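1. Need coordinates for the below:
(one chain, ligands or ions: 1)
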Amino acid sequence: VVQSYIGGRYVPSSGPLFATINPATGDTIAMVETADAALIEAAIESAQQGFAVWRTFTGTQRSRILMQAVRLLHERNDELAALEVADTGKPIREAIVVDVASGADAIEYFAGVAPTIHGEHVDLSSAFGYTRREPVGLCLGIGAWNYPLQIACWKSAPALACGNAMIFKPAELTPLTAVKLAEIYTEAGLPDGVFNVVQGDGTVGAALGTHRAISKVSLTGEVGTGRLVMAQAASQLMAVTLELGGKSPIVIFDDADLESAVNATLLANFYTQGEICSNGTRIFVQRALHHQFVARLVEKASALTVGDPSLPTTHIGALISADHTAKVRNYIELGISEGATLACGGAFPEDPELARGNFVAPTVFTNCTDNMRIVQEEIFGPVACVLVFDTEEEAIRRANDTPFGLAAGVFTNNLARAHRVIAALDAGTTWINTYNITPIELPFGGVKQSGVGRENSLAAIEHYTRRKSVYVELQPVSDPFE
Ligand code: NDP
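-> Now for the predicted structure:
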């Protein structure tokens, strides 16, 4: 039985048990104990104790411990990747190089930043002022199920580097790796209580997200959940960072490098079975290139291997759950009934070995129009929609015609146009001539309904510290009423 991890150890709870299921086989991997009310309080108390210790560490001391965690993550890369594959259904060929490594990158980056966090000095002639950059206190991290370990690292790294304590609630569907990160932090020397993991569903998230001891919440999840979490946070005036959904555009001009554009489109739609928030699922292709582009995209998408995610030859693994798979399959049927052309995919693998898992073949729709639901709504599966455009102005207008604004990409070999179009697109994270590359050094996040705030880069430091202004008088104080 998997439990919550509080104060440097696993702690039992009387809350109900739930199963975590391998999406590729339908088998139960483990039973997990939901945190009950007493455990949630214990997590808060433990985090307060951890915070009281951790905030007294210098940046360099914090950095040293975080770097130990980086070393342990790399050492355990393969076993953690295998666990993530079992819990999420994503292919091992991805998890072995991306999930653990990109989480470790975040901790390494913020370990480097920790000793450099400082306030400012302001000369005021007969006085001076300075600002202290202080940790905000107890932070709550709430994760989605698509990159469970990476999300736990992306949220905890800046929080801990700045001297905060974090309570992390993984998605109920993927509870296995956040507690492994907690074990690693403990082994690395992190004081007990600085990183606690509390298991359970959204009600556990809501109990923490309305708790007066919490100063900040960072959520990765759907837009609807983002609204709930922000409303809950308002009850305590908690600061929020929200990394939400998207329906991001890729605009491909007819002077683009065809092979790069096709490869990036594959990456932007079929990596992690399409379960990536920043995916470029509305692909606008300029008319002269459209036919060639679709032919090559369909050829390459059809050649991808769908199947057992634990095999290194598999490109497309299993979707997270039977419910989510039903939702994705419904969208495919909807696309057909809305009049889009199913250029490839749509079918479910015929191999009887795969019948128990949640598999959907990479699917490309062409002849899409902007008003179709498959073009407007986030599907979060391996479904790409190709649209045709004629002019730059038209492409920008149509690309921006969405309530979302997480990401966007432009493909062109015209330097001026590339920068002009990127500047005009309403999105927080964008690429020119590539897609979905998210180095820790660059801010990541969305605009419009795709989010609030930024993760990664120095921008995250703003969200995990607060400034205290200190005015220091150097002269006697005169009587104000004399
Ligand atoms: P959900 O919004 O369903 O859940 C996200 C997390 O919030 C889960 O841990 C969930 O718990 C928890 N939760 C649900 N209700 C509440 C509540 N009232 N208070 C506090 N916590 C709550 O998202 P998914 O897990 O389904 O993830 C998919 C979504 O995440 C997609 O929309 C995707 O676009 C988005 N996403 C965004 C990313 C970004 O960085 N912008 C990156 C990755 C995904 P539980 O599920 O256990 O009930």
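2. contacts and neighbour counts: CA atoms only from here.
-> Will do.
3. Which parts of the stretch 201-350 of the chain are helices?
-> Along the stretch 201-350 of the chain, counting by DSSP state H, counting those that start in this stretch, helices occupy 202-209, 223-234, 258-270, 287-302, 322-337.
4. Can you pull the residues of the stretch 1-150 of the chain lying near the ligand?
-> When proximity is defined as C-alpha under 6 Å from any ligand atom, the stretch 1-150 of the chain approaches the ligand at Ile142, Gly143, Ala144, Trp145.
5. returning to what we had before: which of the helices of the stretch 201-350 of the chain sits closest to the ligand?
-> helix 202-209 (3.6 Å; C-alpha to the nearest ligand atom).
6. List of residues touching that closest one?
-> Outside of helix 202-209, the residues within contact range by C-alpha atoms under 8 Å, 6 or more residues apart in numbering are Ala35, Ile40, Leu140, Ile142, Lys169, Ile214, Val217, Val229, Gln232, Ala233.
7. shouldn't Thr265 be in contact with Phe284?
-> No: with contact defined as C-alpha atoms under 8 Å, Thr265 and Phe284 do not form a contacting pair (10.8 Å).
8. mind checking the SS state of Ile167?
-> strand (DSSP: H, G, I helix; E, B strand; the rest coil).
9. Specify the beta-bridge partners of it.
-> Leu140, Asn196 (DSSP bridges).
10. can you count the residues close to it?
-> The burial metric for Ile167, expressed as a neighbour count using other C-alpha atoms under 10 Å, is 27.
11. From Pro148, how far out is it?
-> When distances are taken as C-alpha to C-alpha, to the nearest Å, Ile167 and Pro148 turn out to be 15 Å apart.
12. swap in Leu219?
-> According to C-alpha to C-alpha, Leu219 stands 12 Å off from Pro148.
13. Check His121 too.
-> Distance, His121 to Pro148, by C-alpha to C-alpha: 40 Å.
14. Pick out the residue of the stretch 301-450 of the chain closest to the ligand.
-> The shortest separation between the stretch 301-450 of the chain and the ligand is 6.0 Å, found at Gly445 (distances taken as C-alpha to the nearest ligand atom).
15. how about the residue nearest to that residue when sequence neighbours are not counted, what does it touch?
-> Take Gly445 and drop its neighbours on the chain: the residue closest to it by C-alpha to C-alpha, 6 or more residues apart in numbering is Arg454, 4.8 Å away. Shown here is Arg454, whose contacts under the criterion C-alpha under 8 Å, 6+ apart are Thr241, Glu243, Pro443, Phe444, Gly445, Gly446, Ala460.
16. switch to 7 Å and redo it
-> With contact set as C-alpha atoms under 7 Å, 6 or more residues apart in numbering, Arg454 has these partners: Thr241, Pro443, Phe444, Gly445, Ala460.
17. how close does it get to Ala165?
-> For Arg454, the distance to Ala165 (C-alpha to C-alpha) stands at 19 Å.
18. now swap in Thr391 and tell me
-> Shown here: Thr391 relative to Ala165, a distance of 51 Å by C-alpha to C-alpha.
19. How about Gly405?
-> When Gly405 is compared with Ala165 (using C-alpha to C-alpha), they lie 30 Å apart.
20. again with Asn358
-> Per C-alpha to C-alpha, Asn358 is found 37 Å from Ala165.
21. In terms of neighbours, single out the busier of those two.
-> Applying other C-alpha under 10 Å to Asn358 and Ala165 shows that Ala165 carries more neighbours, namely 34 against 25.
22. Would you mind measuring from that one to the ligand?
-> For Ala165, the distance to the ligand (C-alpha to the nearest ligand atom, to the nearest Å) stands at 18 Å.
23. Just want the residue of the stretch 251-400 of the chain that's nearest the ligand.
-> Going by C-alpha to the nearest ligand atom, the ligand is nearest to Cys277 of the stretch 251-400 of the chain, at 3.7 Å.
24. Which pLDDT value belongs to that residue?
-> Each residue has a pLDDT score; the one for Cys277 is 98.
25. My guess is it contacts Gly245. True?
-> Yes: taking C-alpha atoms under 7 Å as the contact criterion, Cys277 and Gly245 are neighbours in contact, 5.2 Å apart.
26. Which one of the two is surrounded by more residues?
-> Using other C-alpha under 10 Å as the criterion, Cys277 and Gly245 rank with Gly245 on top: 28 against 24.
27. contacting residues for that one?
-> Under the criterion of C-alpha under 7 Å, 6+ apart, the contact partners of Gly245 comprise Gly221, Glu222, Val223, Cys277, Ser450.
28. Export the residues you listed as a markdown table, with columns for distance to Val383.
-> Compiled in a markdown table, these are given as follows (distance: C-alpha to C-alpha, whole Å):
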| residue | distance to Val383 |
| --- | --- |
| Gly221 | 19 |
| Glu222 | 18 |
| Val223 | 19 |
| Cys277 | 13 |
| Ser450 | 19 |
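29. ok, and the most crowded of those?
-> Ranking these using other C-alpha under 10 Å puts Ser450 first, with 27 neighbours.
30. Check whether that residue really touches Pro403, as I assumed.
-> No: using C-alpha under 7 Å, Ser450 makes no contact with Pro403, being 8.0 Å away.
31. for Arg64, phi and psi?
-> phi -60, psi -40 (degrees, to the nearest 10).
32. Number of residues surrounding it?
-> Per other C-alpha under 10 Å, the neighbour tally for Arg64 reads 19.
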